[in-house]
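*Asks:* give the three-dimensional model of this entry:
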Amino acid sequence: MAEEKSSAGFDALTELALDLRWSWNHCTDEVWRQLDPALWERTRHPFTVLQSVPRGEIERRLADPSFRAQVDALVQAKRQMAVAPGWFQEAHPQSPLTCVAYFSMEFMLTASLPIYSGGLGNVAGDQLKTSSDLGVPVVGVGLLYQKGYFRQVIDRDGAQQAQFPYNDPAQLPITPVLSPDGGCLRLEIAWPGFSVWLRVWQAQVGRLKLYLLDSNDAANSPEHREITGELYSGGPDRRLQQEIILGIGGWRLLATLGIKPEVCHLNEGHAAFAVLERAACFMAGTGQSFEVAAAVTRAGNLFTTHTAVDAGFDRFAPSLIEHYLGGYADKRLGVALNDLLALGRQNPTDSSESFNMAFLAIRSSGAVNGVSRLHGQVSRRLFAPLFPRRPLDEVPVGHVTNGVHMPTWDSADADALWTETCGKCRWLGPTDKLEHDIRQVSDARLWQLRTVGRKQVVAFAREHVARDMAAAGASPDEIERTKQRLNPDVLTLGFARRFTNYKRPNLLLHDPERLLRILGNPQRPVQLILAGKAHPADYAGQALIREWTQFIRRGPPNPPVIFLADYDMLMAEYLVQGVDVWINTPRRPWEASGTSGMKVLVNGGINLSELDGWWVEAYTPEVGWALGDGQEHGDDPVWDATEAEELYERLEHEVIPEFYTRDGNGIPVAWIARVRESMARLTPHFSANRTVREYTEKHYLPAAAAYRQRAAEKGIVGRALVDWRHTLEQKWPQLSFGELKVSREGEQHAIEVEIHLHGLDANAVRAELYADGNNGGDPVRQEMTRVRDLVDASGGGVYRATVSANRPATDYTARLIPHCDGLSVPLEAGQILWR
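*Replies:* A predicted model of the protein is given here:
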């Protein structure tokens with residue numbers, strides 16, 4: 001009986017440790033801390049604690065009635081949460097949506113599951129967690145990398161060295177997915193001359209599951225076992241293999257498990273092959289052609305692009321696509337290779353053009369979005385060649401601005417403050433009241449929050465750098481001197497992100513002597529904590545890191561600057577919870593969104609950032625500081641120098657004086673007013689709570705309804721859409737405009753135009769007058785009404801509209817565009833005819 005009780009207790013601990021909800025809901029922290037305080041503080045990884053503490057010690061703890069009761073209560077609460085209705089179930093009880101499949105190359109959920117690099121994984125992980133919080137029915141699909149992204153070491157010369165330690169799945173918070181017979185589930189991907197076998201793992205993310213595919217199967221050759229070895233490494237061949245496994249293998253996995261999503265959300269173009277396998281599965285179930293299956297399933301596909309430059313899109317040589325997917329196109333999709341290649345080309349008939357994964361995603365999705373308002377504009381420019389003759393604002397790319405999962409990134413003290421003020425369930429539904437409530441917090445309490453956070457990040461940085469220096473053989477005296485560079489009472493600036501040229505991580509180093517004067521002012525001292533990795537193949541980025549390490553080592557003795565090596569999610573948590581000012585200096589508009597600055601909001605940190613990405617939408621003078629003029633200057637070194645000067649000025653004359661101007665209680669009143677405004681205005685809006693609710697209501701629900709409509713009765717609506725499109729494509733070249741007449745009716749221009757349809761159904765087109773916007777305003781689009789038939793045999797007519805005479809009639813141009821209920825124009829029918 002005692003053994004059974006002990007085993008049940010250990011199983012309960014395992015259940016808690018394997019649910020990654022612990023990474024943001026800290027109710028289980030005390031359990032792990034009691035088992036091994038030192039290991040818990042070092043790793044913050046329950047599964048590691050559970051595996052490392054001797055079984056006898058765990059049994060001894062479980063024999064303590066109070067500890068066992070605590071564990072049992074946590075398990076019961078976890079199970080109740082899993083079945084309780086969330087925001088989604090309460091807000092949309094009759095929803096057509098039962099499942100969203102969320103595909104991403106990387107997921108940042110916890111440092112203990114190192115399958116992420118940076119921003120893309122951050123977005124994916126935070127949206128998965130938020131979907132769990134809100135009850136949105138999402139399932140994640142990704143890859144399990146044996147070595148993940150690289151680990152960083154800074155050598156004695158200050159240069160980055162990349163390490164690739166192996167991640168043993170048995171030590172990760174994941175479990176194998178089992179087949180119905182109880183064995184480990186395996187999938188086969190057939191390529192010319194060989195097959196690759198995939199193992200399948202799952203991570204429990206609160207209410208949701210994340211499935212991970214892994215090529216490290218004993219049946220594979222050593223080369224193929226390494227396909228999922230590292231994230232973002234290798235040449236085009238390896239990258240294509242990974243993306244086929246993610247997309248085709250991922251959708252095939254869902255089908256094997258009996259999961260039938262209405263919506264497929266592609267988090268970047270890496271996963272775009274999923275749309276092909278989705279169509280193939282629909283073909284197999286209905287007997288429809290690939291063309292019909294693609295028309296049906298695209299209604300349920302959503303493509304989110306995170307790329308701000310054309311060079312950032314994955315492209316593959318046609319010969320590579322032919323090698324890996326030529327047989328798949330023929331046997332699985334029933335189409336010629338050239339038809340498949342056309343989906344990924346700007347010019348479908350150009351046999352030399354590479355295959356662009358973003359183009360495949362666009363041509364196979366019912367909606368496309370960027371990740372900030374500015375990035376939506378940038379993306380419309382990037383994708384405009386796919387929609388020739390369309391005005392830029394009509395290129396069908398919208399935006400949903402990113403947000404971060406606040407419960408992941410808030411400190412314990414910040415969580416306590418928000419809970420006291422806004423309640424424990426503040427991120428589980430609408431956030432309308434949070435701005436009002438957080439404004440009620442006193443200056444003293446906000447200053448206490450900042451003081452505690454700064455002390456904690458300084459303690460973390462000291463411990464981290466001491467550990468690295470000791471491992472490198474530094475003397476105790478040298479270590480102690482380095483630790484004393486940081487002071488918990490000093491204004492603390494933070495800069496942590498990927499080191500690459502466009503992010504300009506060395507803008508602060510433009511004038512090293514001036515920076516030293518800013519940092520070393522004895523009356524108003526400042527300290528700087530830096531962290532970040534450069535991709536192993538980005539030698540320019542690595543040189544930027546070395547500039548900083550050499551500045552730190554070769555400057556005056558003990559400068560108040562520290563570079564923390566091996567930036568990961570755990571380090572990021574400490575930094576965003578503790579620094580006073582988060583600095584971000586990308587070249588506009590190359591930061592699609594950026595999320596690191598959002599993470600400081602909930603903790604009372606303030607942003608000093610280039611007007612790029614999310615900060616364009618967030619910035620007002622009351623909430624932080626901005627750099628730049630809101631224009632694009634490319635990589636002009638003269639402009640870099642101008643913005644470096646602006647950054648120094650902003651620090652010297654605004655940021656630093658405001659921090660050190662105190663009242664009689666030692667509180668920087670103006671600083672705290674800025675903290676309060678930033679927390680109140682920005683935290684709710686730039687939370688993933690808002691982002692996921694926006695995705696759900698703007699995209700997931702309409703996409704689910706559209707897919708269900710097209711898929712009904714084995715795709716009969718999809719078949720009709722394809723027939724309609726064939727007719728349109730056949731007859732569109734024959735359409736033409738005839739005579740145009742303009743008259744004045746009071747304050748209106750009355751414009752009539754003859755349109756010759758040459759047998760095309762009049763309901764298949766929409767006639768409009770179009771005029772560009774004035775002075776940055778919105779364009780004018782006025783639908784024209786058919787007022788009479790033409791006497792010829794073309795089936796045409798005379799179309800009429802009235803528009804404001806405040807502008808010359810010549811500003812308006814008549815045009816024809818396709819029209820069909822339920823069809824997304826121009827995404828699914830891009831034709832346009834201008835008079």
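*Asks:* the strands in the stretch 251-400 of the chain, which residues?
*Replies:* 263-267, 301-304, 315-316, 355-356, 367-370, 398-399 (DSSP state E, counting those that start in this stretch).
*Asks:* the stretch 601-750 of the chain now?
*Replies:* Under DSSP E, counting those that start in this stretch, the stretch 601-750 of the chain gives strands at 606-610, 624-627, 736-745, 748-756.
*Asks:* what would the strands of the stretch 251-400 of the chain look like in a markdown table with mean pLDDT and distance to Ile545?
*Replies:* To be clear about C-beta, it is placed using only N, CA and C from the backbone, and glycine gets the same treatment. Supplementary listing: the strands of the stretch 251-400 of the chain in a markdown table, determined by pLDDT from 0 to 100; distance: least, Cβ to Cβ, whole Å:
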| stretch | mean pLDDT | distance to Ile545 |
| --- | --- | --- |
| strand 263-267 | 98 | 28 |
| strand 301-304 | 98 | 30 |
| strand 315-316 | 97 | 28 |
| strand 355-356 | 98 | 32 |
| strand 367-370 | 98 | 29 |
| strand 398-399 | 98 | 32 |
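*Asks:* any chance of the ones you listed in TSV, with mean neighbour count and distance to Ala688 too?
*Replies:* Putting the strands of the stretch 251-400 of the chain into TSV (neighbours: other Cβ atoms under 10 Å; distance: least, Cβ to Cβ, whole Å) gives the following:
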stretch	mean neighbour count	distance to Ala688
strand 263-267	29	13
strand 301-304	26	13
strand 315-316	20	30
strand 355-356	22	29
strand 367-370	24	15
strand 398-399	19	15
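*Asks:* in TSV, list these along with distance to Gln748.
*Replies:* Below are those laid out as TSV (distance: least, Cβ to Cβ, whole Å):
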stretch	distance to Gln748
strand 263-267	44
strand 301-304	41
strand 315-316	50
strand 355-356	45
strand 367-370	36
strand 398-399	32
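*Asks:* if we can go back for a sec, and of the strands of the stretch 601-750 of the chain, who's closest to Met679?
*Replies:* Comparison of the strands of the stretch 601-750 of the chain against Met679 by Cβ to Cβ identifies strand 606-610 as nearest, at 9.7 Å.
*Asks:* strand partners of the closest one, parallel vs antiparallel please.
*Replies:* Within its sheet, strand 606-610 is paired with strand 581-584 (parallel), strand 624-627 (parallel), according to DSSP bridges.
*Asks:* which one of those has the most crowded surroundings?
*Replies:* Comparing the strands paired with strand 606-610 on average neighbours per residue, with mean count of other Cβ atoms under 10 Å, the densest one is strand 581-584 at a mean of 24.
*Asks:* now the strands paired with strand 606-610 in TSV, with distance to Met81 and mean pLDDT?
*Replies:* Putting the strands paired with strand 606-610 into TSV (distance: least, Cβ to Cβ, whole Å; pLDDT from 0 to 100) gives the following:
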stretch	distance to Met81	mean pLDDT
strand 581-584	32	98
strand 624-627	35	98
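*Asks:* using CSV, please lay out those strands together with distance to Pro488.
*Replies:* Formatted as CSV, the strands paired with strand 606-610 follow (distance: least, Cβ to Cβ, whole Å):
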stretch, distance to Pro488
strand 581-584, 15
strand 624-627, 23
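*Asks:* about what we covered before: highest mean neighbour count out of the strands of the stretch 601-750 of the chain?
*Replies:* Of all the strands of the stretch 601-750 of the chain, strand 606-610 carries the top mean neighbour count, a mean of 25, counting by mean count of other Cβ under 10 Å.
*Asks:* show me what it is in contact with.
*Replies:* Residues outside strand 606-610 that contact it (Cβ atoms under 8 Å, 6 or more residues apart in numbering) are 580-588, 591, 594, 597, 600-601, 615, 618-619, 623-628, 643, 647, 650-651, 655, 671, 674-675, 678.
*Asks:* just those: which are in helices?
*Replies:* The members of the contacts of strand 606-610 that map onto helices under DSSP state H are 597, 615, 618, 643, 647, 650, 671, 674-675.
*Asks:* just how off-centre is the longest helix along the chain within its chain?
*Replies:* Ranked by residue count under DSSP H, the longest helix found in the chain is helix 701-731. Computed by Cα atoms, centre = their mean, to the nearest Å, the separation of helix 701-731 from the middle of its chain amounts to 30 Å.
*Asks:* what of stretch 434-446?
*Replies:* That offset, for stretch 434-446, works out to 30 Å (Cα atoms, centre = their mean).
*Asks:* how about that stretch: buried residues?
*Replies:* 434-435, 438, 441, 443, 446 (16 or more other Cβ atoms under 10 Å).
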